[in-house]
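S.K.: Show me how the following folds:
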Amino acid sequence: MAIKKHQPAPPLKLFLALLGLATGLYFITDPIRHQWIYQRGNAELAAGNYAEAETIWRQAAQQNPKTNTHYIRLGNALSSQQKWSDAIAQYRNAIKLNPGDPTAPHFLAETLAAQGRIDEAIGYYRQAISLAPNYAAAYLGLANTLKTQQNWDAAIRTYRQAIKLSPQTPEAYLGLGEALKRQNQSDATLSTYRQAIKQNLSNPIIHKELADLLLQKGQTQDAIEQYRRSIELEPNYAAAKNGLGTALQTTQPDEVMTIYRQAIAQSPTHAPLRVSIGKAFKQKNQLEDVIASYKKAIELDPITPSAYRGLGEAFIQQKKRKDAIEAYRTVVKLNPSDRQNRDQLTKLQRKQ
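M.R.: Numbers count the residues shown, from 1 in each chain. The predicted structure follows:
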């Protein structure tokens with residue numbers, strides 16, 4: 001399906017002048033004029049022209065200060081530019097004008113959450129829901145915020161309500177799946193992702209998350225199918241290609257190397273891919289390539305324990321004990337709870 005390009009709008013000053021707004025001669029009382037500015041302001045928001053949208057909606061609010069929708073749209077334009085304080089003020093103006101409209105508290109909650117003001121955000125999400133009990137977007141926002149608090153049980157309940165109200169929302173299934181995983185409910189997580197796919201949600205992340213879980217459960221062929229579906233939907237999805245390579249390691253090693261090389265060419269800054277191709281090189285006993293891959297992974301992401309561990313193992317094979325000790329020291333520092341790494345470090349230090 002062809003994507004329609006946003007057509008360049010006439011200069012903003014000309015547009016406002018045509019509306020009679022640039023000189024302040026007219027109030028927005030004419031229904032046709034009101035519809036025109038409403039459509040133009042929304043079009044600029046949709047096109048990502050937030051500064052122009054801000055100008056339009058600010059002028060609209062000044063000319064017709066008793067219309068709460070103008071303040072909401074102005075708040076949207078401001079929050080999209082991360083002008084948080086001004087956006088919050090506009091949403092509060094909208095609430096004062098129409099306390100029964102759930103839209104303003106919803107957007108105010110979104111803005112507060114973006115600032116890390118979680119408790120305030122939760123309060124306004126709940127206010128929006130109390131005004132509109134079937135407001136799916138407010139449930140989704142509340143669930144995301146509860147997840148931020150690691151309030152997993154409440155987040156799970158709220159995601160499920162969001163899905164009940166709007167079963168075609170991929171973000172709700174992904175959030176629910178993450179919350180269930182944190183609670184070690186792998187079967188429920190699996191069921192959630194399958195439910196999303198039954199809704200015909202062509203979302204590459206859902207297929208990739210399902211594949212990861214299937215691979216953990218040893219259902220390798222099903223995992224491969226889901227990884228391939230994810231890549232079909234998003235050909236440059238590095239994490240899905242990384243997972244596919246892992247799933248194919250034991251059965252199709254030659255295809256694995258091709259997959260990793262193609263993925264790295266498309267996503268050269270994706271550190272996990274470098275770790276994975278390092279493991280593939282290790283299977284082929286190509287130690288120099290192993291070391292180069294792990295070093296590149298560390299360069300891209302200096303807090304990747306698996307890269308340091310793989311580097312340490314390669315140095316042990318090369319009998320470079322000092323280098324191996326340094327690598328394992330970093331692994332233990334990054335992941336102090338892993339006893340196997342601590343024991344390996346101790347073993348290497350005793351041989352000095």
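S.K.: what sits against residue 289?
M.R.: 278, 281 (Cβ atoms under 8 Å, 6 or more residues apart in numbering). Where C-beta positions appear, they are placed from N, C-alpha and C, glycine not excepted.
S.K.: Check whether it sits in a helix, strand or coil.
M.R.: With DSSP: H, G, I helix; E, B strand; the rest coil as the basis, residue 289 sits in helix.
S.K.: Give me the pLDDT for it.
M.R.: On pLDDT, residue 289 comes in at 93.
S.K.: cool, the one 3 residues further on as well?
M.R.: At residue 292, the predicted lDDT confidence score is 96.
S.K.: quick one: contacts of stretch 175-194?
M.R.: 140, 143-144, 147, 150, 152-153, 155-156, 159-160, 163, 173, 206, 209-210, 213-214, 216-217.
S.K.: Let's see that with 7 Å instead.
M.R.: Residues outside stretch 175-194 that contact it (Cβ atoms under 7 Å, 6 or more residues apart in numbering): 143-144, 147, 152, 155-156, 159-160, 163, 173, 206, 209-210, 213.
S.K.: What average pLDDT does that stretch get?
M.R.: Computed over stretch 175-194, the average pLDDT equals 96.
S.K.: how long is that stretch end to end?
M.R.: Start-to-end span of stretch 175-194 (Cα to Cα, to the nearest Å) is 14 Å.
S.K.: about what we covered before: out of the contacts of stretch 175-194, who has the most neighbours?
M.R.: residue 159 (29 neighbours; other Cβ atoms under 10 Å).
S.K.: Next, please give the residue ranges for the strands of the chain.
M.R.: With strands called from DSSP state E, the chain shows none.
S.K.: on that earlier part again, could you export the contacts of stretch 175-194 as a markdown table, including distance to residue 192?
M.R.: As requested, the contacts of stretch 175-194 are exported to a markdown table (distance: Cβ to Cβ, whole Å):
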| residue | distance to residue 192 |
| --- | --- |
| 143 | 13 |
| 144 | 16 |
| 147 | 14 |
| 152 | 14 |
| 155 | 13 |
| 156 | 10 |
| 159 | 9 |
| 160 | 9 |
| 163 | 8 |
| 173 | 6 |
| 206 | 9 |
| 209 | 9 |
| 210 | 9 |
| 213 | 10 |
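S.K.: Looking at those residues, which are in helices?
M.R.: Among those, the ones falling in helices (DSSP state H) are 143-144, 147, 152, 155-156, 159-160, 163, 173, 206, 209-210, 213.
S.K.: List the contacts of residue 311.
M.R.: 291, 294-295, 327.
S.K.: Please indicate which of those residues has the highest neighbour count?
M.R.: Neighbour max across the contacts of residue 311 (other Cβ under 10 Å) = residue 294, 29 neighbours.
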